[in-house]
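Asks: build the 3D model from these lines:
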Amino acid sequence: MSLGTLERSAPPFFKQGPSSLSKLALYSALALFLMVADARFHLTGALRQAVATVIYPVQWLMLQPVEFIAQGSGYFRSLKTAQEDADAARKQMVLISQRALQSEQLMQENLHLRQLLDLRTRLETPAQAAQVLYDTADPYTRRVVVDQGRTAGVELGAPVLDEKGVLGQVTRVHPFVSEVTLLIDRDQAIAVLNIRTGTRGVAYGDPVAGHAGGMELRFMPANADVLEGDLLTTSGVDGVYPPGLPVAKVVRVERRADSAFARIYCAPIAGVQGARHVMLLKPVAEPMPERHEPVAVSPGKKGDRK
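Replies: Numbers count the residues shown, from 1 in each chain. Have a look, this model is predicted:
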C-alpha cells in the first residue's frame, strides 16, 4: 500500500459480524417460532412460573410505596370526611337542642299564661296582663320593670300577681313602664292571714339568703300558734291587696327564751326570682274594717244620756 492512499474497507480488527438486517430477520423468525411453539406446545409455561416466582419479592417491594401512598391518601380522605360529618352532626344537634329548648320555653309560657287567665276569671278585681322586661340595676333592692305604664291605666300601689300568688306591688309608674317592688324587698310589707288559725300578721321582705325564703313574719308572740307549712294569704285589711290571695308558706319557726317574739321565716309562693308574665290589679279602694269587741257599759251609767 502506497503512502497517502486511504483504504476503503475496514481493517480486520474493526470488522463487524452479520449485518443489522440479517440480525433483524433472524430474531424475528426466532420470536415467531417461540410464539407459535408456546401457543401450541406450552413450552415456556414452566419458565414463566419460575421467573414470576423469582421476581415476586421484587414486585412486592416495588409496589409497597405505591400502596402506602394510596392507603395514606385514602386514610386522610376518610378522616376529613369523618370530621366534616362530625361537625355537621354537632351543628345539627345544637340546632335541635335550641329548638327543643325554645319549644319547652314556649310550652311553659303558654302554661303560665293559661294559669294567669284562669286566675283573672276568678278575681273580682279588674286586672290587666303585663310582661316583665328586666330587673332594676340597684343591687340593694328587689324590683322589676314591666311593660305597662300610666298610659295603660296602671295605678300607683297596684298589686302584682303571677299564676301562683302575690308577687309584689307597683311602687313607681312611668308613662310606658312601671316598677314593681317584690315581696322579698326589705322595704316591702304585706298584711297576711294564717289560713289554719285565722291569725293576722304582717310579713316583711327579708332578702338575706341565709334566712331561707325571703320573708319574715314579725311581731308574733313567742307562744303564737304558727307551724312550718302554714299558708299565709292576704288579709285585705291594708286596703291594697284583695283578701285570700296566696302570699307565702312558713318554712322555719325559731322560739327563744330571751325574746318575747318568735322568728318566723317564710318562702313566697310566687316566682319572685323568675317571673315573666304577671297580672296587675287595681288597688282596693278602702281597707276592710277592723273588728272591735263590744264595750261593756257599767250599770250605773246607763241612764246618763243627753
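Asks: what's the weakest-modelled helix or strand in the chain?
Replies: helix 45-122 (a mean of 75; mean pLDDT, DSSP states H and E).
Asks: name the residues of stretch 266-278 that are buried.
Replies: Buried residues in stretch 266-278, defined by neighbour count with 16 or more other Cβ atoms under 10 Å: 266, 268-270, 272, 275, 277-278. To be clear about C-beta, it is placed using only N, CA and C from the backbone, and glycine gets the same treatment.
Asks: among those, which pair sits farthest apart?
Replies: Farthest-apart pair in those is Cys266 and His277; separation 23.8 Å (Cβ to Cβ).
Asks: so what's Arg255 up against?
Replies: Under the criterion of Cβ atoms under 8 Å, 6 or more residues apart in numbering, the contact list for Arg255 reads 222-223, 262-263.
Asks: just these now: which is nearest Glu216?
Replies: Arg263 (7.2 Å).
Asks: which SSE is the closest one in?
Replies: Assigned by DSSP states H and E, Arg263 belongs to strand 261-268.
Asks: elements contacting that strand?
Replies: The contact analysis (3 or more Cβ pairs under 8 Å, 6 or more residues apart in numbering; DSSP states H and E) places strand 261-268 against strand 215-221, strand 246-254.
Asks: can you list contacts of it?
Replies: With Cβ under 8 Å, 6+ apart, strand 261-268 has contacts from 165-167, 183-184, 203, 206, 211-222, 224, 226, 232, 247-256.
Asks: likewise stretch 125-141?
Replies: Applying Cβ under 8 Å, 6+ apart, the external contacts of stretch 125-141 come out as 113, 116, 120, 143-148, 152-154, 161, 177-181, 185, 187, 242, 275-282, 284.
Asks: now do the buried residues in it.
Replies: Across stretch 125-141, burial judged by 16+ other Cβ under 10 Å covers 127, 130, 132, 141.
Asks: any idea how far Thr181 is from the first one?
Replies: Spelled out, that is Ala127. Going from Ala127 to Thr181 by Cβ to Cβ, to the nearest Å gives 18 Å.
Asks: repeat for the second one
Replies: When distances are taken as Cβ to Cβ, Ala130 and Thr181 turn out to be 15 Å apart.
Asks: again with Pro175
Replies: Remark: distance between Pro175 and Thr181 (Cβ to Cβ) = 19 Å.
Asks: and Pro246, by the same measure?
Replies: 18 Å.
Asks: quick one: strands adjacent to the strand holding Arg263?
Replies: strand 215-221 (antiparallel), strand 246-254 (antiparallel) (DSSP bridges).
Asks: what about the shortest one, distance to the chain center?
Replies: Going back to what we said before, that points to strand 215-221. Centroid displacement of strand 215-221 relative to its chain, using Cα atoms, centre = their mean, to the nearest Å, is 38 Å.
Asks: which outside residues touch the helix or strand that that strand is followed by?
Replies: Where DSSP H and E defines the elements, the next helix or strand beyond strand 215-221 is strand 231-234. The contact list for strand 231-234, computed with Cβ under 8 Å, 6+ apart, reads 166, 190-196, 201, 203, 217, 241-250, 266.
Asks: how about the secondary structure of Gln128?
Replies: Following DSSP: H, G, I helix; E, B strand; the rest coil, Gln128 is assigned to strand.
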